[in-house]
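A.B. asks: give me the fold of what follows.
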Amino acid sequence: MASTDTSKKTINKKAVKASFSKAAGHYDQFADLQREIGHHLFDLMPVNVKQSSSILDLGCGTGYFSALLREMNIKASLTCFDLSPQMLQQTAQRKLTSCQFVEGDIDAQPFIAGQFDLIFSNLVLQWSEELSLSLQQTNHALHNDGNLCFSTLLDGSLFELQQAWKSIDSAVHVNHFLSKEQVLTAVKLAGYQQVKTFTETRIKKYPDVNSVLKALKGIGANHVHNRNNKQTSNRQLLNQLELGYQPFKDQDGDYNLSYQVCYIVAQK
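C.D. replies: Below is the predicted model:
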């Protein structure tokens with residue numbers, strides 16, 4: 001495995017923030033995949049994390065898993081951290097006890113050394129500009145023997161949509177995701193010693209290509225790095241995309257969209 005970090009990429013954080021803020025009010029209507037993956041991450045967490053007295057939900061979104069983390073240990077202090085103030089407002093509406101809200105960037109975390117026993121992060125770290133540096137910050141914020149549990153997407157995610165776009169033009173329409181090897185390198189460069197890794201493929205099905213696009217837009221994940229995010233809703237373009245998607249329809253006529261998911265459970 002390479003000893004240097006290859007996870008660096010350029011991300012327009014203002015655009016990402018705007019995209020997720022716009023989606024905050026209806027995010028939960030479209031976030032079934034995020035809930036499925038987050039629940040699986042919960043199942044993979046060590047039993048001892050339930051005793052964590054200080055917990056960070058890194059990229060909390062609307063607070064769905066913040067609430068579950070609160071239920072896991074009602075006595076723990078809970079910090080909900082997100083780039084989007086609108087997402088934090090949604091979380092605040094859950095009226096969680098012993099909870100503080102911090103707006104910020106996963107690449108510029110404001111936490112002090114040893115502040116948390118557990119850092120939980122579900123489908124957020126793929127938005128980091130340099131994963132190893134973001135993970136170094138989580139390591140800094142953990143107590144000795146603290147746990148980092150996160151899920152992220154790997155290369156090959158949204159493959160069908162990417163190929164459908166390639167039938168139309170050569171522009172970038174789907175974000176680049178890191179490989180499993182790059183993620184593991186970043187985790188080890190961040191200083192984590194005990195690391196468990198799990199990967200899987202999850203496939204979502206949609207009735208048409210417009211539903212595919214709406215699903216991504218509904219959770220705010222429609223921002224594409226290094227591209228002017230133009231409207232893709234005109235009928236002619238959708239018809240072309242529909243044609244390009246034909247090889248990825250299943251026998252029931254559904255439009256498949258696959259996600260390569262990586263789960264990491266690491267101890268400081």
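A.B. asks: what are the buried residues along stretch 160-172?
C.D. replies: 160-161, 164-165 (16 or more other C-beta atoms under 10 Å). All C-beta spots, glycine's among them, are computed from the backbone N, C-alpha and C.
A.B. asks: and the end-to-end length of it?
C.D. replies: Stretch 160-172 has an end-to-end distance of 14 Å (C-alpha to C-alpha, to the nearest Å).
A.B. asks: what do you get for stretch 64-82?
C.D. replies: End-to-end distance of stretch 64-82 (C-alpha to C-alpha): 13 Å.
A.B. asks: list the residues that contact the residue nearest to Asn122 when sequence neighbours are not counted.
C.D. replies: Leaving out its chain neighbours, the residue that sits closest to Asn122 by C-beta to C-beta, 6 or more residues apart in numbering is Gly38, at 4.0 Å. By C-beta atoms under 8 Å, 6 or more residues apart in numbering, the contact list for Gly38 reads 64-65, 122-123, 151.
A.B. asks: in a markdown table: those residues, plus pLDDT, distance to Asn234 and secondary structure.
C.D. replies: Formatted as a markdown table, the contacts of Gly38 follow (pLDDT from 0 to 100; distance: C-beta to C-beta, whole Å; DSSP: H, G, I helix; E, B strand; the rest coil):
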| residue | pLDDT | distance to Asn234 | secondary structure |
| --- | --- | --- | --- |
| Tyr64 | 97 | 34 | helix |
| Phe65 | 98 | 37 | helix |
| Asn122 | 97 | 34 | strand |
| Leu123 | 96 | 30 | coil |
| Ser151 | 98 | 34 | strand |
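A.B. asks: mind checking the SS state of the residue nearest to Asn122?
C.D. replies: Three-state assignment for Gly38 (DSSP: H, G, I helix; E, B strand; the rest coil): helix.
A.B. asks: all strands for the stretch 51-200 of the chain, in order.
C.D. replies: Taking DSSP state E, counting those that start in this stretch, the strands of the stretch 51-200 of the chain run over residues 54-58, 77-82, 99-103, 116-122, 142-153, 194-206.
A.B. asks: would TSV of those with mean neighbour count and distance to Cys262 be doable?
C.D. replies: Below are the strands of the stretch 51-200 of the chain laid out as TSV (neighbours: other C-beta atoms under 10 Å; distance: least, C-beta to C-beta, whole Å):
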stretch	mean neighbour count	distance to Cys262
strand 54-58	25	16
strand 77-82	25	21
strand 99-103	16	25
strand 116-122	26	12
strand 142-153	20	5
strand 194-206	13	5
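A.B. asks: looking at these, which is closest to Ala171?
C.D. replies: strand 142-153 (20.7 Å; C-beta to C-beta).
A.B. asks: the closest one pairs with which strands, parallel or anti?
C.D. replies: strand 116-122 (parallel), strand 255-267 (antiparallel) (DSSP bridges).
A.B. asks: tell me the angle the first one makes with strand 54-58.
C.D. replies: The reference is to strand 116-122. 20 degrees (axes from the mean of the first three to the mean of the last three C-alpha atoms, to 10 degrees).
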